[in-house]
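J.: kindly return the folded structure for what I paste below:
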Amino acid sequence: MKFFITLLLLVSSLLCSDTLIHAGKYIDVINGKVISKSSIIIDEKGVIKEITSGYKNSRGYEYYDLKDKTVMPGLMDMHVHFGQEYLSKAETPVKVEKEYSAIAAVKHAKLTLDGGFTTVRQVGDSGFIAISLRDAIAKGDAIGPRIYTSGKSLATTGGHADHTNGRAFGDYVYPDPESGVVNGPYEVFAGVRQRYKDGADGIKITVTGGVLSLAKSGDNPQFTQEEANAVVQAAKDYGFWVAVHAHGAEGMKRAIRAGVDSIEHGTYMDDEAMDLMIENGTYLVPTISAGEFVADKSKVDGFFPDIIRPKAAAVGPQIGGTFGKAYRRGVKIAFGTDVGVQAHGTNWKEFVYMKQYGMPEMKTIISATIEAAKLLRIEDKLGSIEVGKIADIIAVSGDPIKDITSMENVVFVMKEGKVYKNN
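T.: This next block holds a predicted model:
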């Protein structure tokens, strides 16, 4: 009888579908601590089942030995653009079909996941690329991070996201709310409702000028207070978050007063804007990487069109310094890179820049995990390694708390309990 009981127990253990990770160190982003020598058990549904101190016996589990690695939650980038990468004026093709951009987006998604980013927010799209890719990844037809997307951005006529900027008058049809251009509260509601119809997860608006649009100003206000208020009012009806492209202080203050969720870039943010963000709980998504990229390329003759180059030279160098000041003042920070301006797969550089401009290493990782999850309103299921949460878990070689450049060295990626990378 003892023999059969032992055999039964052995067979049961061999049939166990749970996964065990031995973590030499894991980063507890809730408490801001590094915990040594832990066992993390994930159930067959991809949910964290147990976390214990020490190394549990691995027999009967699908087992991953990360005892010489630093383990942390899957990273989140709150500002990406799959399907595009900025090229020099000389390198830019005469035309790029949207179908090609969709194919490129699949490549960009895989690069991003390999870099440890298991969740992203795509804010701004040329069409339905991110919405379609989001659904393909969710169905298992493509490999990449889970995507939350705004679909097409909303701009006012001539604004940063007006796709007809730079075209001759006779070469385009006047843009409407469906295509992303709104003027006045009535059209704002039409634009937001169209995004709901399109299947978006949130809304992005461009309340000021921008660097890479074919328009003169990089920071002038481009939404009235009434228009900004209408965006938030309409978004609330559909449970949307609202992300706001903003370089100039006046435009972003209008957006913050309206009650938006995040300010992207925030280049010329002043003290009043920072205080408003603190008062309203508004997040800053800094995108320092993009600022550093455009600042560097503005020095290269011919890289940018003449109308863009002075904006890149002026705006780019400001973003990092503004981020540092906002962090020290107490503004909430969520990690975001704006990859698609710079190359995909370089998201990790944002950690280095954040450290360079004054944020401690642990805080940079927290900004890319639980704080980003809070911005997306998914902190109940993602953003930290805790029992009951979805098993998005990555590991890096080295110790990023001592050397933040270790974030480049992602060697293990698990999303929803499934391993996508294991070097």
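J.: so where's the stretch 151-300 of the chain shaky on pLDDT?
T.: Across the stretch 151-300 of the chain, residues meeting the criterion (pLDDT under 70) sit at 161-162, 164-166, 170-172, 174-175, 210-218.
J.: where along the stretch 51-200 of the chain do the helices fall?
T.: 98-114, 129-139, 185-198 (DSSP state H, counting those that start in this stretch).
J.: between the longest one and helix 129-139, how big is the angle?
T.: When axes from the mean of the first three to the mean of the last three Cα atoms, to 10 degrees is applied, the directions of helix 98-114 and helix 129-139 differ by 50 degrees.
J.: show me what helix 98-114 is packed against.
T.: For helix 98-114, the packing partners by 3 or more Cβ pairs under 8 Å, 6 or more residues apart in numbering; DSSP states H and E come out as strand 75-80, helix 129-139, strand 410-415, strand 418-422. Glycine gets a C-beta too; all of them are placed from N, C-alpha and C.
J.: buried stuff in that helix?
T.: Neighbour-count burial for helix 98-114 flags 101-102, 104-106, 108-114 (criterion: 16 or more other Cβ atoms under 10 Å).
J.: for the second one, same thing?
T.: Counting neighbours by 16+ other Cβ under 10 Å, one finds that the buried residues in helix 129-139 are 129-134, 136-137.
J.: go on, stretch 73-88?
T.: 73-84, 86.
J.: and what of stretch 52-71?
T.: For stretch 52-71, by 16+ other Cβ under 10 Å, it's 56, 60-61, 64, 66, 69-71.
J.: try stretch 364-374
T.: In stretch 364-374, counting by 16+ other Cβ under 10 Å, buried: 364-374.
J.: kindly report the same for stretch 33-41.
T.: Neighbour-count burial for stretch 33-41 flags 34, 38-41 (criterion: 16+ other Cβ under 10 Å).
J.: out of those, who's nearest I378?
T.: Set against I378, the nearest of these by Cβ to Cβ is I40 (20.0 Å).
J.: so how far is G140 from that closest one?
T.: For I40, the distance to G140 equals 24 Å [Cβ to Cβ, to the nearest Å].
J.: just K418 next, same as before
T.: For K418 relative to G140 (Cβ to Cβ), the value is 10 Å.
J.: show me which of the two is the more surrounded one.
T.: K418 (12 against 8; other Cβ atoms under 10 Å).
J.: ok now do that one, which residues does it touch?
T.: G46 (Cβ atoms under 8 Å, 6 or more residues apart in numbering).
J.: hey, what's it bridged with?
T.: K415 (DSSP bridges).
J.: quick thing: my sequence starts at 32, can you match it?
T.: Happy to do that; since the first residue is 32 now, the last one works out to K449.
J.: can you give me the pLDDT of it?
T.: In this model, K449 is scored at 98, pLDDT.
J.: next one: the one 5 residues further on
T.: In this model, N454 is scored at 89, pLDDT.
J.: the spatially closest residue to it that is not a sequence neighbour - how many residues pack around it?
T.: Residue nearest to N454 in three dimensions, not counting chain neighbours: V442, with 4.2 Å by Cβ to Cβ, 6 or more residues apart in numbering. Using other Cβ under 10 Å, V442 has 17 neighbouring residues.
J.: switch the buried residues of stretch 104-119 over to a markdown table; also include distance to A304 and pLDDT.
T.: Output for those, formatted as a markdown table (distance: Cβ to Cβ, whole Å; pLDDT from 0 to 100):
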| residue | distance to A304 | pLDDT |
| --- | --- | --- |
| P104 | 30 | 98 |
| G105 | 31 | 98 |
| L106 | 27 | 98 |
| M107 | 24 | 98 |
| D108 | 24 | 98 |
| M109 | 19 | 98 |
| H110 | 18 | 97 |
| V111 | 24 | 97 |
| H112 | 25 | 95 |
| F113 | 30 | 96 |
| G114 | 31 | 92 |
| Q115 | 29 | 87 |
| Y117 | 27 | 79 |
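J.: any chance of the residues you listed in JSON lines with distance to T313 as columns?
T.: What follows is those, written out as JSON lines (distance: Cβ to Cβ, whole Å):
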{"residue": "P104", "distance to T313": "23"}
{"residue": "G105", "distance to T313": "25"}
{"residue": "L106", "distance to T313": "22"}
{"residue": "M107", "distance to T313": "18"}
{"residue": "D108", "distance to T313": "19"}
{"residue": "M109", "distance to T313": "13"}
{"residue": "H110", "distance to T313": "15"}
{"residue": "V111", "distance to T313": "20"}
{"residue": "H112", "distance to T313": "22"}
{"residue": "F113", "distance to T313": "25"}
{"residue": "G114", "distance to T313": "28"}
{"residue": "Q115", "distance to T313": "27"}
{"residue": "Y117", "distance to T313": "27"}
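J.: what is the nearest of the residues you listed to V291?
T.: M109 (13.4 Å).
J.: helix, strand, or coil at the residue lying closest to the closest one once chain neighbours are set aside?
T.: Distance criterion Cβ to Cβ, 6+ apart; nearest residue to M109, sequence neighbours excluded, is G367 at 3.9 Å. Three-state call for G367 (DSSP: H, G, I helix; E, B strand; the rest coil): coil.
J.: on the pLDDT front, check G367 for me.
T.: 98.
J.: for V262, give me its contacts.
T.: Applying Cβ under 8 Å, 6+ apart to V262 gives the contacts 185, 219, 223, 234, 236, 254, 273, 289, 291.
J.: show me the contacts for V370.
T.: Residues in contact with V370, defined by Cβ under 8 Å, 6+ apart, are 108, 110-112, 139, 143, 320-321, 376-378.
J.: surely S437 touches S428?
T.: Yes. Counting by Cβ atoms under 8 Å, S428 is a contact partner of S437 at 6.6 Å.
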